[in-house]
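1. sequence unknown, structure follows:
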């Protein structure tokens, strides 16, 4: 019985995103590429919701299918957003976009000088203001605001390894995306899930 319940939960976890364009943070998303929450599913990804604290950053692995149209707007208390490529190198970041007074929301704009240029897997980091990504050589992005900025800090030549500084706020957030999709479920994993589902059905019938 426990196996059947486990299979049902795992199947729901994998297939539910395929029927919607919204991803809700599962537990607490990791802070680094190696622990990032993989947004598994299929089809367009338009929204991610979650929450961060002053000592917590959230990172998601997403698939960018249309680099020219890619954007990510974060609605939350004072926040920042950063995009990294599949190897963890900085692409661009944003802090406090808007008119005066600034709306204090990050917005990775489409068609920007620093926008991604190739489709593929990327890491999107969402964090409270005053917490910045570091490589082994230092800050990847400049400590500047407001606006959108590229990886021009002293640590830009190396991949992201940690965050520097505590944030300012605890906050729920909503990230609105364009040009992105769910990360496809690996074929081996999908076949394994289908196999477990069949086993679960057979066990239930025998019971």
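-> Arrived safely, thanks for sending. On a predicted model such as this, the values are computed, not experimentally measured, just so you know.

2. Let me see the ranges of the helices in this structure.
-> 2-15, 187-206 (DSSP state H).

3. Low-confidence stretches in this structure?
-> For the chain, applying pLDDT under 70 flags the ranges 1-20, 98-103, 187-207.

4. Quick one: residues contacting the residue sitting nearest the centre point of it.
-> Among the residues of the chain, residue 60 comes closest to the average C-alpha position under CA atoms, centre = their mean, at 2.3 Å. Residue 60 makes contacts with 23, 29, 36-39, 48, 123-124, 126, as judged by CB atoms under 8 Å, 6 or more residues apart in numbering. Where you see a C-beta, it was placed from the backbone N, CA and C, and this is true even at glycine.

5. The residues you listed into a markdown table, with extra columns for distance to residue 83 and neighbour count?
-> Shown next, in a markdown table, are the contacts of residue 60 (distance: CB to CB, whole Å; neighbours: other CB atoms under 10 Å):
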| residue | distance to residue 83 | neighbour count |
| --- | --- | --- |
| 23 | 16 | 23 |
| 29 | 15 | 24 |
| 36 | 12 | 20 |
| 37 | 15 | 19 |
| 38 | 16 | 18 |
| 39 | 14 | 22 |
| 48 | 13 | 25 |
| 123 | 7 | 25 |
| 124 | 6 | 25 |
| 126 | 11 | 25 |
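
6. Sort out for me which of those are in strands.
-> Among those, the members found in strands (DSSP state E) are 23, 37-38, 48, 123-124, 126.

7. that older thread, now compare the contacts of residue 60 and name the two farthest from each other.
-> Using CB to CB, the contacts of residue 60 span at most 15.2 Å, a distance reached by 38 and 126.

8. Bridged to the residue nearest to the centre of the chain, which residues?
-> For residue 60, the beta-bridge partners are residue 37, residue 124 (DSSP bridges).
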